[in-house]
Structures are given as structure tokens and as C-alpha cells.
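Q: Fold the following.
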Amino acid sequence: MNIMFVSHTYIGGPFVVGSHHLARELSQMGHRVLHLSTSVTPAHLLKMKQQTIVDRFKQWRNSRTRDEGIIHCVPLSLVPWNIAGRVYQRTGKNLFVQSIAFPNVSRLLDFHGFSDVDLLLIDQPCFVGIEKYVNAKVVIYRPTDNYKDMSGDRTVETAEKEIISRAHGMVATSEPVLLNVRRHKRDVPAIVMENGVEFAHFTQAGREPDELKRIPGPRAIYVGAVDERLDLASIRHLAASRPSLSIIVIGPYVPSSIESFAFTDNVYFLGSKPYASLPAFLHRADLALLPLSDHKANGGRSPMKLYEYAAAGLPTVVRETPELARRGEEFLYFYQDERGLVSQVDDLLRKLHADEVPKNRIVEAARKQSWKAKAQQIIEFGARLASPY
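A: Alright, predicted model coming up:
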């Protein structure tokens, strides 16, 4: 089949997201896969000091980029979404898509042989209207977050409504996300498919990174974005309460956001690490952390890192949300506040010391969430939508 992703995150950057994993697995199953991600715009030229912007412009210039058999590219839109979104709200015309140039969207799709596709999966609302340029047998909207809560941009919700009105089905990454989008059209066939894990990748420990050799144990680790969705205050509280615990934070951050840790000796911000090296860091930790903040978007999140932690055999201390509690995973140790975080970490370290944590069952929980299985689920759901009777 010809399968096309219209995604919010480009392939080859600091974050590997669900559409990347699904694209890889579907390609390995023998399908032709095109992964199109959020456009660069002339406004991005002002940010060329950022490596991610440089990378995206390189992908725009090299429209023949391939990775593990996937065709992936970043288009150029002349009108940025912060302008195009407001115009779209008033007129229904999406200049973010219509202004794709050098080449335009029709030529880009024709060049790659994707003017006709069997399955079109959209997880970037800013691309509303792109389905008009593609002859797609099945269109699936795949929201990965409550986007309005994530961005604070109401124009995104308007775009979502239009995509859902045209979609044959929806695949949401959590129940709260599904409930949120179902408000717009309740009769669209839909399933919840949580984010998964590249199981074989994260079970391999590899060589210990040099950076970890200077960090004493026990070690707690967090891998992901250091932004408003991460509760840095709780990390500071844990570090101050348990100075013998080393807390490792891996992920991109703005230096000003961690200034309050200047005199904290047991928190180590290591910055971004290549996806290929992440298992080596995880396998040298004792436990994992997911300290979620009060950000509204966290209620609907389906964190990929949970099953990546699990594939490395790590029990995880995480702030409870209804979605994560619903899953009933025994390797998740929930807390509600800062005192609860410290208490759960203490209890988990005691259990680890007494060998009371069944790591084999943690790994098995991750195995059930492999991206290969989820890619097959996408194919089966698309087939039902194509032949509902």
C-alpha cells in the first residue's frame, strides 16, 4: 500500500515520536511510506542558530531523503501557521498548506508517487486541507495530545474540527484525547491506541556511557523534554530530600529554566542524547521518573517513555493521572504530591535493594506494547474503515 503520514515532528531530530515508529514498522512490512512533517517558513530563517531549524531546512532542500526505507521530507510554507491559522478561522482557507512552495504540495506528492494513497494518517492539525490534494481511500485523524491545551492556540481546535469532519476514522493515543476530539463528531469510528515502544532497541544495554561513570548510585532517570509539562519543583524537592540519590535528566532544555538547580549537587542535566544511545543510559539507572506538572495537556498524555523505561527493566515513579491509572501497569508507582514522590522513591529503592521488584514482568509489559503490533493494528483498523460492511 501507499501510506502517508502528515506529522508534527520531523524524522532525524532530537525526538522520535509515534509517527516515526509506525512509519518504520509499516515500511518494514513492505508498504511504501511517505512521512511529511510540519513546514519550515521564511520566519524560521531568523532561528538558524538552532540545529533543529537547520536540519529541517536541509530536509526541505533534499526532497529525496530516506531513512530505513521511509521517504521523509519537510515542505516550505510561505505563510506561517500563526498567521495562516487566524486567516483559516475567518475564511476556511489554509494558507499554511496552500502556500507550500518549491515545490508546491501537488508537485511534491506527485514527485514521490503519493498523489494516490491507500491510507492517510494526519496528526498535525496545521495541515488541515492537505487531504484535498491527495486521493486517499482512507483518512485517519491521529491526535497524540489535546493540542489546544498543549499550545494554547484555539485556531488548532478549529482545524481539528474540519479534519474530523472529513476523516473516516480516528486513532487517539489516550482516552482523554479521544473524548476531547469526539466532542466534534461522535459518530466517527475510533479506537484508543496508546504509544508503544521499539522493544528490541530498548532491551539492549550496550556500553556504559562515559558521562555516567562519574555519577554515583543509586540513580533515578528522566528522559524527555524539559518544558512546562515537567515538574521541576518536585525534582528539586526530591533532590533536596534525598541528597544521596543521583537524579539524571536527559533531554533538551533552555539554560534559564534550570538556574534554580545551580547549587544542587545531585541533579545532572545531560542535555539531548541520540536516540540510539538512550538504552545505555536507562540500563544503568535504578528507577525512572515521570514528574508531571499541573499543565492541562498532561491529563491526556500517552508518554512513550513509560514503555521505553519498562523495556529497560525500570520501575517508574510517576504522578498519577486517570489515563495512566486506567492502564493498570504494575511497574508504575503513583504519587500525588511532593511528599508522595519522596515516599514512593524511598519505598521503591527499598524494594529494589530487597530484590522485590519483578523486572522480568516489567520487561514483558513493554513487549506487549511493541510498535510492530501497533502498526498491524493500524492496518486492520484502516481495512475495516475501507470495507465497513
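Q: Pull out the buried positions in stretch 353-370.
A: Across stretch 353-370, burial judged by 16 or more other CB atoms under 10 Å covers 357, 362, 363, 365, 366, 369, 370. Using the backbone N, CA and C atoms, a C-beta is placed for each residue, glycine as well.
Q: how near is residue 363 to residue 118?
A: Distance check for residue 363 against residue 118: by CB to CB, to the nearest Å, it reads 35 Å.
Q: repeat for residue 90
A: In this view, residue 90 and residue 118 are 34 Å apart by CB to CB.
Q: Show me what the helix or strand residue 109 falls within is packed up against.
A: Residue 109 belongs to helix 105-112 when elements are defined using DSSP states H and E. Here helix 105-112 touches strand 70-73, going by 3 or more CB pairs under 8 Å, 6 or more residues apart in numbering; DSSP states H and E.
Q: Which helix or strand in the chain has the lowest average pLDDT?
A: strand 66-67 (a mean of 54; mean pLDDT, DSSP states H and E).
Q: Are we agreed that residue 178 is in a strand?
A: No. Residue 178 sits outside any strand when classified using DSSP: H, G, I helix; E, B strand; the rest coil, being helix.
Q: my guess is it contacts residue 170, does it?
A: Yes. The pair residue 178 and residue 170 qualifies as a contact (CB atoms under 8 Å) at a distance of 7.1 Å.
Q: Could you tell me which residues touch both of these two?
A: residue 190 (CB atoms under 8 Å, 6 or more residues apart in numbering).
Q: ok so, going back, restricted to helices, list the buried residues of stretch 353-370.
A: 362, 363, 365, 366 (DSSP state H).
Q: Need the residues you listed in JSON lines (columns: pLDDT).
A: Putting these into JSON lines (pLDDT from 0 to 100) gives the following:
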{"residue": "362", "pLDDT": "98"}
{"residue": "363", "pLDDT": "98"}
{"residue": "365", "pLDDT": "97"}
{"residue": "366", "pLDDT": "97"}
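Q: Could you list the domains of this structure?
A: Per automatic domain parsing, the structural domains of the chain span 2-196+370-386, 199-367.
Q: Of those, which stretch is the most buried?
A: Burial of those is given as mean neighbour count (mean count of other CB atoms under 10 Å); domain 2-196+370-386 ranks first at a mean of 19.
Q: Specify the local secondary structure of the closest residue to residue 209 other than its chain neighbours.
A: Distances taken as CB to CB, 6 or more residues apart in numbering place residue 280 nearest to residue 209, at 5.4 Å, with adjacent residues excluded. What three-state DSSP gives for residue 280 is helix.
Q: cool, and the one 5 residues further on?
A: At residue 285, secondary structure determined by three-state DSSP is coil.
Q: what's the spacing between it and residue 247?
A: 10 Å.
Q: Quick check: neighbours shared by those two?
A: Jointly contacting residue 285 and residue 247 under the rule CB under 8 Å, 6+ apart are 219, 220, 221.
Q: Which ones among those residues lie within strands?
A: Counted as lying in strands by DSSP state E, out of these, are 219, 220, 221.
Q: correct me, but the first one touches residue 246?
A: Yes. In terms of CB under 8 Å, residue 219 counts as a neighbour of residue 246; the distance is 4.7 Å.
Q: Quick check: the residue nearest to residue 126 when sequence neighbours are not counted vs residue 75, distance?
A: Excluding its sequence neighbours, the residue lying closest to residue 126 (CB to CB, 6+ apart) is residue 81, at 4.6 Å. Distance, residue 81 to residue 75, using CB to CB: 13 Å.
Q: cool, residue 165 as well?
A: According to CB to CB, residue 165 stands 24 Å off from residue 75.
Q: what does residue 316 give?
A: The value you get for residue 316 to residue 75, if CB to CB is used, is 37 Å.
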